[in-house]
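1. Got a predicted structure plus its sequence, pasted below:
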Amino acid sequence: KMKWDFWEVADMFMPGWLLALTVGFVGAFLNGSGYGIQTSLPWGVRFPGVEGVRHPTQIYGLILALMGFILSKKWEREYRTYEWYKGKRSEAWPGLVFLVGLAGTSLIGVILSLVQPGTWYWRGIPGELWPWLALLLLGVGGVYSRAGRNLGEDMKLVLSRMRIERRVAKKLRGGIKRGMEYNLKR
């Protein structure tokens, strides 16, 4: 109704979401829910009513979400100056903070699902991991798309750099063997 840009609103939303996530992890720790698998690590925690010493996954999530919050505030101030994100445009489009925050939140979910007891498994991988991986790919793909990058051009660039590095390494090996120095500048 007010014709707000979705990406600008989403960018403003993400730091608050990450801060709320940190508060949620504090609550989960105090509540004793969301604990991890059994561990022998020195920072393992005994939760009431749960057998054994467990990974404090709530603390892991708290630390990761807090780091995400701090980084999102930094990116919110600076992303307009990132040349890689501008692509071939004169100015950066909004959406980077949201999409990186989405990928970061998903990464937290991936990490925590690896140290939490799973409810079901597929090929030895916890079922809770799959939706997090899908969101992670969505966030990373969204950043790539919003940056205005071209997959064909980027692949050519990567492959050409790999060829250059291989040639340089070959020259270095040959130069060292023969005791000669090569000028590695193009």
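-> Cool, the structure landed.
2. For residue 138, give me its contacts.
-> By C-beta atoms under 8 Å, 6 or more residues apart in numbering, the contact list for residue 138 reads 102, 103, 106. C-beta here means a position set from N, CA and C on the backbone, and glycine is covered the same way.
3. Next one: residue 44 relative to residue 38, how far apart?
-> Distance, residue 44 to residue 38, by C-beta to C-beta, to the nearest Å: 8 Å.
4. Repeat that for residue 115.
-> Distance from residue 115 to residue 38, by C-beta to C-beta: 10 Å.
5. So which of these two has more stuff around it?
-> residue 115 (16 against 13; other C-beta atoms under 10 Å).
6. remind me which residues of the protein are low pLDDT?
-> 172-186 (pLDDT under 70).
7. what's the longest helix anywhere in the chain packed up against?
-> Using DSSP state H to define each element, the chain has its longest helix at helix 151-178. When contacts are defined as 3 or more C-beta pairs under 8 Å, 6 or more residues apart in numbering; DSSP states H and E, helix 151-178 packs onto no helix or strand at all.
8. how far is it from where the chain is centred?
-> Averaging C-alpha positions (C-alpha atoms, centre = their mean, to the nearest Å) puts helix 151-178 28 Å from its chain's average.
9. What of stretch 103-113?
-> Mean-position distance between stretch 103-113 and its chain equals 8 Å (C-alpha atoms, centre = their mean).
10. Go ahead and confirm residue 98 touches residue 14.
-> Yes: the pair residue 98 and residue 14 passes the contact test of C-beta atoms under 8 Å, sitting 4.8 Å apart.
11. Phi and psi next, for the nearest residue to residue 39 once chain neighbours are set aside.
-> Using C-beta to C-beta, 6 or more residues apart in numbering and skipping residues adjacent in sequence, the residue nearest residue 39 is residue 55, 5.0 Å away. The phi/psi pair for residue 55 (degrees, to the nearest 10) reads phi -60, psi 130.
12. Neighbours of residue 55, how many?
-> If we define neighbours as other C-beta under 10 Å, then residue 55 has 21 of them.
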